[in-house]
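Visitor: Starting from these lines, generate the structure:
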Amino acid sequence: MTIAPSLLNAPIAEVKELFEILKEKNVDYLHIDVMDGCFVPDMAFGPSVIKDIRPLTDVVFDVHLMIDTPEKIVTRFVEAGADIVTFHIEATKHAMKVIQLVKEAGAKVGITFNPATPVSFIEPVLSLVDQVLVMTINPGTENKHFIQETVVKIEQLDVIRKQNDYTYDIEVDGKIDNQTIKVCSKAGADIFVSGGFIFNGKNTPQEQIDKLNQSLEEVK
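Guide: Reported below is the predicted structural model:
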């Protein structure tokens, strides 16, 4: 089980302190959202940001591309230091090409899909990817809430993985707190992206990470 703090919610001006927190809590994953203002309304984090912070830490850079036509730019994120690059199936007509580009560039590749998209839409590529990201909120929307119906998708992906001996990790992203993490873990998720709960909670980020880990221990 892996906790992946989200850089989008972290105090980016204090990024060195962030990496010290991750080291202190033995967190070896950092989730980095990339937005182009087209696929989703907001904009965040291009390759240059990843390149700038890469020398500061050796944690896994888990880069989530919320951008249109990722095939045009995906290799730049690998060159900048991404260890895993995940793209949206809805954002391209050339999913196989994106997967090939990422692998040839030397990184792991993930696939993700919006809450309204069925699991069947990504089934043709499940044997090729290292990670599947289940969005438990609608990306790029206001007043986001955890979408309970997405838990079924986690369960479906876990069944498909076991039936076919696939090796992909199942990651979840969206309103992951000390309660929803339990639900997702029971459904079969392995990696848990959490931003607001960790960095905007009542306690320190360290204490919030402890709460998440405690919740995972409770469902083992």
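Visitor: And the helices in this structure?
Guide: 15-24, 47-53, 74-80, 95-105, 151-164, 180-187, 196-199, 205-218 (DSSP state H).
Visitor: Tell me the pLDDT of residue 220.
Guide: Per-residue pLDDT puts residue 220 at 80.
Visitor: Save the helices of the chain as JSON lines, and put in mean neighbour count and distance to residue 66 too.
Guide: Just so you know, the C-beta spots here come from the backbone N, C-alpha and C atoms, and that holds for glycine as well. Output for the helices of the chain, formatted as JSON lines (neighbours: other C-beta atoms under 10 Å; distance: least, C-beta to C-beta, whole Å):
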{"stretch": "helix 15-24", "mean neighbour count": "15", "distance to residue 66": "21"}
{"stretch": "helix 47-53", "mean neighbour count": "16", "distance to residue 66": "14"}
{"stretch": "helix 74-80", "mean neighbour count": "21", "distance to residue 66": "12"}
{"stretch": "helix 95-105", "mean neighbour count": "18", "distance to residue 66": "14"}
{"stretch": "helix 151-164", "mean neighbour count": "16", "distance to residue 66": "18"}
{"stretch": "helix 180-187", "mean neighbour count": "19", "distance to residue 66": "20"}
{"stretch": "helix 196-199", "mean neighbour count": "22", "distance to residue 66": "17"}
{"stretch": "helix 205-218", "mean neighbour count": "17", "distance to residue 66": "23"}
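Visitor: want to throw those into JSON lines with distance to residue 87?
Guide: JSON lines is the format used below for the helices of the chain (distance: least, C-beta to C-beta, whole Å):
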{"stretch": "helix 15-24", "distance to residue 87": "24"}
{"stretch": "helix 47-53", "distance to residue 87": "14"}
{"stretch": "helix 74-80", "distance to residue 87": "7"}
{"stretch": "helix 95-105", "distance to residue 87": "5"}
{"stretch": "helix 151-164", "distance to residue 87": "17"}
{"stretch": "helix 180-187", "distance to residue 87": "21"}
{"stretch": "helix 196-199", "distance to residue 87": "23"}
{"stretch": "helix 205-218", "distance to residue 87": "26"}
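Visitor: Mind checking those helices for the one nearest to residue 138?
Guide: helix 151-164 (13.6 Å; C-beta to C-beta).
Visitor: Dump the closest one to CSV, restricted to CA.
Guide: The C-alpha atoms that make up helix 151-164 are tabulated as CSV, following Å, rounded to 0.1, in the frame of the first residue of the first chain:
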residue,chain,number,x,y,z
VAL,A,151,-15.6,1.9,-6.1
VAL,A,152,-17.2,-0.7,-8.4
LYS,A,153,-14.6,0.2,-11.0
ILE,A,154,-11.8,-0.5,-8.6
GLU,A,155,-13.3,-3.9,-7.9
GLN,A,156,-13.7,-4.6,-11.6
LEU,A,157,-10.1,-3.8,-12.3
ASP,A,158,-9.0,-6.0,-9.4
VAL,A,159,-11.0,-8.9,-10.8
ILE,A,160,-9.6,-8.4,-14.3
ARG,A,161,-6.1,-8.2,-12.9
LYS,A,162,-6.4,-11.5,-11.0
GLN,A,163,-8.2,-13.3,-13.8
ASN,A,164,-5.5,-12.4,-16.4
